[in-house]
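S.K.: Got a sequence here, can you build the structure:
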Amino acid sequence: MITKPGDVVLIHRQGEPVAYARVEQIIADVKPQWWQIELKLLVVPDQPATWILKEEYIDGEEFSMGGEKMRLERLPEPKGFAEPEPEPPKKPQGGGNGDKVVSLASRREER
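M.R.: Numbering: from 1, shown residues only. Now for the predicted structure:
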């Protein structure tokens, strides 16, 4: 499955784009080969929706819902929004030989 939680999809109805949604969760349905896809429709106010679809429908193939042609289009991740890499730990400043632990309790008593 290409589409995963966190992806943003464009929902098409009858060949026309109608709304954006974020995929919240995809879990197996009781019917084999079907999935429950939880969406958060990005409208004001946001709306939750759960659809039961086959994997190929989640990944962009056309399907029918209530007699209307539907399709989900997974949007690419925006450029420059990749998760930042963690910074390496900083070395202690000064000429110390390691980390220094300062007790806050002892600092309060000094006042």
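
S.K.: residues of the longest strand anywhere in the chain that come out buried?
M.R.: If you go by DSSP state E, the chain has its longest strand at strand 16-28. Across strand 16-28, burial judged by 16 or more other Cβ atoms under 10 Å covers Tyr20, Ala21, Val23, Ile26. All C-beta atoms are positioned from the backbone trio N, CA, C, and that covers glycine.

S.K.: I'd like the mean pLDDT over it, please.
M.R.: Here strand 16-28 scores 96 as its mean pLDDT.

S.K.: Return that strand as PDB; C-alpha atoms alone will do.
M.R.: Taking Å, rounded to 0.1, in the frame of the first residue of the first chain, the C-alpha atoms of strand 16-28 are listed here in PDB:
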ATOM      1  CA  GLU A  16     -13.900  16.600 -10.200                       C
ATOM      2  CA  PRO A  17     -11.700  17.500  -7.200                       C
ATOM      3  CA  VAL A  18     -14.000  18.200  -4.200                       C
ATOM      4  CA  ALA A  19     -12.000  18.200  -1.000                       C
ATOM      5  CA  TYR A  20      -8.600  17.500   0.700                       C
ATOM      6  CA  ALA A  21      -8.300  15.000   3.500                       C
ATOM      7  CA  ARG A  22      -5.500  13.800   5.800                       C
ATOM      8  CA  VAL A  23      -5.200  10.000   6.300                       C
ATOM      9  CA  GLU A  24      -5.400   9.400  10.000                       C
ATOM     10  CA  GLN A  25      -5.400   5.600  10.200                       C
ATOM     11  CA  ILE A  26      -5.700   2.500   8.000                       C
ATOM     12  CA  ILE A  27      -6.700  -0.700   9.700                       C
ATOM     13  CA  ALA A  28      -7.800  -4.100   8.400                       C
END
